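[1] Sequence and predicted structure, then a few things I'm wondering about:
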Amino acid sequence: MPSMDLFKNCRFLDPFKLKSLDQNIMVYQKSIPELKECELDWLVYCDIINDLKFDVRFDLVEFWRSNKKRIPKLYNLAKWLLFYPSNSCECERSISIYNKILSDDRNRLLPETISYLNFLTFNGKKTKEEMIVIG
């Protein structure tokens, strides 16, 4: 898999895992060139991690939100890499749903209509649950 190095090297974005990984930024810059712009943030990040006490309820997303201003460049990178899909299941599901929306009988839908149908398809259950609570 061509992106395996990227996924493997993204583990440093989890502070709990970085404690046991190499803390030399150059190790990760090979597969993530954007880290070259984050060298100062990296030093701050390593200091934060060394001072961090991990408890049972460590929340990775909350960690990054709370350190957004202290390490902004690394935060922007984490925002992108932490939620990067690691497999194609979501893409395949989306294509399957679009194939149902854009069937041969519905080939003249406006882009706006497709967008609404897409929204309803992906958020329909949530919307129904919210309607039950509201109603």
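    Everything's here; your move.
[2] shaky segments in this protein?
    1-3, 56, 84-88, 90-91, 123-135 (pLDDT under 70).
[3] how much distance is there from stretch 36-47 to the middle of the chain?
    Put simply, stretch 36-47 sits 20 Å off its chain's centre (Cα atoms, centre = their mean, to the nearest Å).
[4] ok, which stretches of this structure are helices?
    For the chain, the helices defined by DSSP state H cover 4-9, 15-18, 25-29, 39-51, 60-66, 72-81, 89-101, 111-134.
[5] and the ones you listed as CSV, adding mean neighbour count?
    Where C-beta positions appear, they are placed from N, C-alpha and C, glycine not excepted. Shown next, in CSV, are those (neighbours: other Cβ atoms under 10 Å):
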stretch, mean neighbour count
helix 4-9, 14
helix 15-18, 16
helix 25-29, 17
helix 39-51, 15
helix 60-66, 13
helix 72-81, 17
helix 89-101, 11
helix 111-134, 11
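[6] who's sitting farthest from the centroid in the protein?
    The centre of the chain is farthest from one residue, residue 105, which by Cα atoms, centre = their mean lies 35.7 Å away.
[7] Over to stretch 72-89 now: how far is its first residue from its last?
    31 Å (Cα to Cα, to the nearest Å).
[8] can you list contacts of that stretch?
    6-7, 10, 13, 32, 34-35, 37-38, 40-42, 45, 60-61, 64, 67-68, 91 (Cβ atoms under 8 Å, 6 or more residues apart in numbering).
[9] Then stretch 11-22?
    Residues from elsewhere that reach stretch 11-22 (Cβ under 8 Å, 6+ apart): 28, 45-46, 48-49, 52, 54, 58, 60, 63-64, 77-78, 81-82.
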